[in-house]
Each structure stands twice: as C-alpha cells, then as structure tokens.
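K.L.:
3D, please:
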Amino acid sequence: MGTAPVTRSDTPRVTIVSPHFDDAPLSLGQSLLDGALHGCRVRVRVVFARTNFTRWVHPTRGRAGPISLWRRAEESVAQVAFGYRVATSPHEEVVLRTGELDPAVLLDPSSELDDALVDTLTAQARRWRGDGSTVLFPAGIGGHLDHRLVAEAGRRLLAEHPDRIGFYEDRPYTSLVDPGVVEETLRAIDPGLVPVDVSGPVTERLHRRLRRCYPSQIDDLFVRAMDADRVTGACERVWFAPGQVPAWLSFRDGR
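P.N.:
Numbers count the residues shown, from 1 in each chain. So this is what the prediction gives:
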C-alpha cells in the first residue's frame, strides 16, 4: 500500500506571539528558515503594533502613525522572507504608554506589570490557542516590560493547562546575558520547563536577512548579539512543560 500524501490540514499549526514587529524572526528566524518551524503553518501575532520607535528618529507620540505603518511594512517583507502569516493587535508599546525612554527602566525585570493589560493579553492568547495551534510566547529574558507582559500571559495559560504552550528565548537579549539568567528566567515561569533545540546554529545568512528586513531596528546592540551567537554556535530553543513537547518536535529531544 502507498503512503497517504501529507495534506495542508496535517501540517502542524504554530502561533508565535511577538511583542513587537521583529521579535519572532529575531528569536526564531533560523528555525523558520530551515529548522523545526520551517515545516509548520506559522502565524505571528504582533501584540504591541502601535509603535513610535526606530533607531533613526526621536520617538515622539506624533510620529506613532507613520512609524507604525513603516514597521508594518518591514514586517510584510519579513513574512515573505521567513514564510509566515502575520496579524496585529493595536496595543501601544511601552514607550507610547508611558513616555519612558530610559533603558534602565524599560529593562527593569522587577518593575510592576499592569495586571489589567495582562488579563487582556491572556484572553487574546486563549483564543489563539483555540484553533489547535501550539502557541509560543517570549520568555521575557532581558527584562523588557512588553516581553514580560506577554510572558506572564503565557505563564497563566500554562498554569491552566500545559499542552501546546512553549516559551522561546528572546533575542537579542538572550545572546548578551549570562546563561544563568536565561535558565533563571525560565524557571521563574515554571521550574519544570525543559529546553528543546528548534534550529541548528544560527548563521550569517539569517543575520543578513534580518538586516534587510528590519533596517529601522538593527542597531549596534543587535549586531553584537548576532556576532555573539555566531561565535558560540548558538541554537534557537523553546521550553516546554515535561511531557508536553509537541509530536512534531519529539524527535529532537528523544521523546
């Protein structure tokens, strides 16, 4: 008997929750290009799509409209380059919500989270999970407030039921912190989470593509992170609850 053909309905569905335009390819780009996510139907959900931040101009509130459009255009290029669909939510990023520009404040891992906003994000993510997708959240490594808000929504869903929930390592921050910080951040979400490689070592090919897709964002910090990843042979990882690694990833950790 012949083998039944693989249909589109058989292809694993994955939703990547991306705090901002660019976070999904920055953190999981190698996997999207030629790793575990390459064979999946991937949708990226950009949470804080109302933005006024680029590396080119001061982020005033009046610039939010045109800059949001510009960054959405960059994301349109990226979705073709990395093979995913994108949808956005109209939440304002932290610089717009607060007017804060000090990195020491924006990246403070101990700053208080807006519980009402986390409630809203959790309800949204619960709906995204309802279509059968595996939903991947940022872990909040590096302390960026927007990343931590989204990570907390993921943590709440994980506590409700651990299946089809994963946490990816946020780049560029993961590449620049001590490895112990990465583990500590994930253990704070759930002590039992286990890491799974979803790509081989990141490549210069990936980094060239990221620079082409996101010219408004790739500054010296991003370049340092990219250089560090190539030097160390870093792989992209997603963390899952024990026994909850999706079947389409099981071969990667021997489960």
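
K.L.:
gap between R164 and V135?
P.N.:
6 Å (Cβ to Cβ, to the nearest Å). C-beta coordinates here come from the backbone N, C-alpha and C atoms, glycine included.

K.L.:
any residues in contact with both of these two?
P.N.:
R129 (Cβ atoms under 8 Å, 6 or more residues apart in numbering).

K.L.:
nearest spatial neighbour of P162, skipping sequence neighbours?
P.N.:
A241 (3.7 Å; Cβ to Cβ, 6 or more residues apart in numbering).

K.L.:
how many neighbours does Y214 have?
P.N.:
21 (other Cβ atoms under 10 Å).

K.L.:
quick one: the closest residue in space to it that isn't next to it in sequence from L69, how far?
P.N.:
Sequence neighbours aside, D22 is the residue nearest to Y214 in space, at 4.9 Å (criterion: Cβ to Cβ, 6+ apart). Noted for D22: a distance of 15 Å to L69, by Cβ to Cβ.

K.L.:
these two: which has the busier surroundings?
P.N.:
Of the pair D22 and L69, D22 is the one with more neighbours under other Cβ under 10 Å, namely 23 against 10.

K.L.:
which residues of the stretch 101-250 of the chain score low on pLDDT?
P.N.:
For the stretch 101-250 of the chain, the stretches flagged by pLDDT under 70 are 250.

K.L.:
could you redo the last one with a cut-off of 50?
P.N.:
Of all residues in the stretch 101-250 of the chain, none has pLDDT under 50.

K.L.:
could you pull out the strands for it?
P.N.:
Applying DSSP state E, counting those that start in this stretch to the stretch 101-250 of the chain gives strands spanning 134-138, 165-168, 194-201, 235-240.

K.L.:
need those in TSV (columns: mean neighbour count and distance to E112).
P.N.:
What follows is the strands of the stretch 101-250 of the chain, written out as TSV (neighbours: other Cβ atoms under 10 Å; distance: least, Cβ to Cβ, whole Å):
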stretch	mean neighbour count	distance to E112
strand 134-138	27	19
strand 165-168	26	21
strand 194-201	18	28
strand 235-240	24	25
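
K.L.:
any chance of those strands in CSV, plus distance to L186?
P.N.:
Converted to CSV, those look like this (distance: least, Cβ to Cβ, whole Å):
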stretch, distance to L186
strand 134-138, 11
strand 165-168, 6
strand 194-201, 8
strand 235-240, 5
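
K.L.:
on that earlier part again, wait, the residue nearest to P162 sits on I165?
P.N.:
Yes - using Cβ atoms under 8 Å, A241 is in contact with I165, at 7.2 Å.

K.L.:
who touches both of the two?
P.N.:
Common neighbours of A241 and I165 (Cβ under 8 Å, 6+ apart) are L158.

K.L.:
quick one: the helices in the chain?
P.N.:
Assigned by DSSP state H, the chain shows helices spanning 23-34, 64-82, 94-98, 103-106, 115-129, 145-160, 173-176, 179-189, 204-213, 220-232.

K.L.:
quick check: which of those helices is buried the most?
P.N.:
helix 23-34 (a mean of 26; mean count of other Cβ atoms under 10 Å).

K.L.:
between that one and helix 64-82, how many degrees?
P.N.:
Here helix 23-34 points in a direction 10 degrees away from that of helix 64-82 (axes from the mean of the first three to the mean of the last three Cα atoms, to 10 degrees).
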